[in-house]
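*Asks:* no sequence on this one, just coordinates:
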């Protein structure tokens, strides 16, 4: 039996983003044992939900031929809902942490990269025939996640509101 994957690069980059989200989320939740700050909890949950969004999104892109039209649409809607929830959690984590000018670099880089990635994703720009705008966005977002993760773990939470 051959399994046909509809968008293999998009599925793989989505699943890589999911692995990163899981690693970053679990790392921040484990760090919370030493630094029991609410922001670390919110960041950690945000990363785990973004990982779930990437798993569902990768499944949507990779296995479209095996879903009914209504299930395919529902899978996309769940993906978008999870992305929105994770973005809201990230914003909440940022807003609940008092920052000093020196620790904003990672946050700025994560935000700038996320915006650039979204612009590329929305533009439809593709590097190669089999590496499209979604794949490029996922790779850029992977780097943005790394920046957000570093912001979350290096911020001085002793001054949290």
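*Replies:* Arrived safely. In this text, all values refer to a predicted model and were calculated from it rather than measured experimentally.
*Asks:* So which residues of this protein form helices?
*Replies:* 8-31, 38-62, 69-95, 105-123, 133-154 (DSSP state H).
*Asks:* Residue 89 is in contact with residue 148, correct?
*Replies:* No - Residue 148 lies out of contact with residue 89 (Cβ atoms under 8 Å); the separation is 11.1 Å. Glycine gets a C-beta too; all of them are placed from N, C-alpha and C.
*Asks:* which residues do those two both contact?
*Replies:* Shared contacts of residue 148 and residue 89 (Cβ atoms under 8 Å, 6 or more residues apart in numbering): residue 43.
*Asks:* Looking at these two, which one has more neighbours?
*Replies:* The neighbour count for residue 148 versus residue 89, taken as other Cβ atoms under 10 Å, is higher for residue 148 (26 against 20).
*Asks:* In space, what's closest to the residue sitting nearest the centre point of the chain - neighbours in sequence excluded?
*Replies:* Taking Cα atoms, centre = their mean, the centroid of the chain lies closest to residue 50, which sits 4.5 Å from it. Nearest residue to residue 50, sequence neighbours excluded (Cβ to Cβ, 6 or more residues apart in numbering): residue 86, at 3.9 Å.
*Asks:* Check residue 75 too.
*Replies:* Nearest non-adjacent residue to residue 75, counting by Cβ to Cβ, 6+ apart: residue 60, 4.4 Å away.
*Asks:* The one you found and residue 54: what is the separation?
*Replies:* Distance of residue 60 to residue 54, given as Cβ to Cβ, to the nearest Å: 10 Å.
*Asks:* if we can go back for a sec, need the winner for burial among the helices of the chain.
*Replies:* Among the helices of the chain, helix 38-62 has the highest mean neighbour count (mean count of other Cβ atoms under 10 Å), at a mean of 23.
*Asks:* and it, what does it pack onto?
*Replies:* Under the contact criterion of 3 or more Cβ pairs under 8 Å, 6 or more residues apart in numbering; DSSP states H and E, helix 38-62 touches helix 8-31, helix 69-95, helix 133-154.
*Asks:* Much appreciated, bye for now.
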